[in-house]
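Engineer: How does the following fold in three dimensions:
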Amino acid sequence: MNEIKRRPLIPIHEYAEGELFLFLGRSYPLHIVENGSMTIERSDRLYVSSRLIPDIRNQLKHWYKEEARKEIQARCMWFSLKTGHVPATIRITDARQRWGSCTHNGGLNFSWRLIQAPPEIVDYVVVHELVHISQPDHSKKFWDKIRKIMPDFEQRRHWLKDHGWLLKI
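Structural biologist: The predicted model follows:
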């Protein structure tokens, strides 16, 4: 209970100029631009067209989903080479309680919220789910397979437990 009391409040976004949004563990200040295009772009800031303001939360969520799809798919393919497991499908979901899951036929699901975490955390979840393709439980054998690929997985796992609640928009 004391640990929970010490935590900062869950971020509640107001979608105001300069407000920080996470992407792959880095904070990007929101910058609203007055232009005609209906886009969201990321460089040194998160640039959002003023035309998206009426529906900004949903627009950002859609943008995060698309970015998560690209990034997580690439990481799945990279770690498939290391694990020897190729997912049947890769889906990006709106899951709030699970970072990832593996279906009985080898399909992998990942919450779009994961794209806000640092790259090494995304990699941990990707490896975790890829290993589930051959080892569907959380037995010692499962964790040994994870450790072989990612010796520091426990630190990464703890990061998610300690900081995952911050990954909100």
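Engineer: Residue 84: neighbour count?
Structural biologist: Other residues lying near residue 84 total 11 when counted by other C-beta atoms under 10 Å. In this view, the C-beta of every residue, glycine as well, is placed from N, C-alpha and C.
Engineer: So it versus residue 149, what's the distance?
Structural biologist: The span separating residue 84 from residue 149 equals 10 Å under the rule C-beta to C-beta, to the nearest Å.
Engineer: before we move on, what about residue 90?
Structural biologist: Using C-beta to C-beta, one obtains 18 Å as the distance from residue 90 to residue 149.
Engineer: do residue 18 as well
Structural biologist: The value you get for residue 18 to residue 149, if C-beta to C-beta is used, is 40 Å.
Engineer: Pull the contacting residues for residue 72.
Structural biologist: Shown in contact with residue 72 (C-beta atoms under 8 Å, 6 or more residues apart in numbering): 90, 92, 110, 114, 115, 122, 126.
Engineer: got the buried residues for the helix or strand containing it?
Structural biologist: Secondary structure assigned from DSSP states H and E places residue 72 in helix 56-83. Counting neighbours by 16 or more other C-beta atoms under 10 Å, one finds that the buried residues in helix 56-83 are 56, 59-60, 63-65, 67-69, 71-73, 75-76, 79, 83.
Engineer: With stretch 27-46 instead?
Structural biologist: Residues of stretch 27-46 classed as buried by neighbour count (16+ other C-beta under 10 Å): 28, 30, 32, 40, 45, 46.
Engineer: Just the terminal-to-terminal distance for that stretch.
Structural biologist: Length of stretch 27-46, first residue to last, C-alpha to C-alpha, to the nearest Å: 9 Å.
Engineer: which outside residues touch that stretch?
Structural biologist: Contact partners of stretch 27-46, identified using C-beta under 8 Å, 6+ apart, comprise 15-23, 47-53, 59-60, 63, 67.
Engineer: picking up where we left off before, please produce JSON lines containing the buried residues of stretch 27-46, extended by distance to residue 164 and secondary structure.
Structural biologist: Compiled in JSON lines, these are given as follows (distance: C-beta to C-beta, whole Å; DSSP: H, G, I helix; E, B strand; the rest coil):
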{"residue": "28", "distance to residue 164": "19", "secondary structure": "strand"}
{"residue": "30", "distance to residue 164": "22", "secondary structure": "strand"}
{"residue": "32", "distance to residue 164": "28", "secondary structure": "strand"}
{"residue": "40", "distance to residue 164": "23", "secondary structure": "strand"}
{"residue": "45", "distance to residue 164": "25", "secondary structure": "coil"}
{"residue": "46", "distance to residue 164": "21", "secondary structure": "strand"}
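Engineer: Could you single out the nearest of those residues to residue 159?
Structural biologist: Comparing those against residue 159 with C-beta to C-beta places residue 28 closest, at 19.7 Å.
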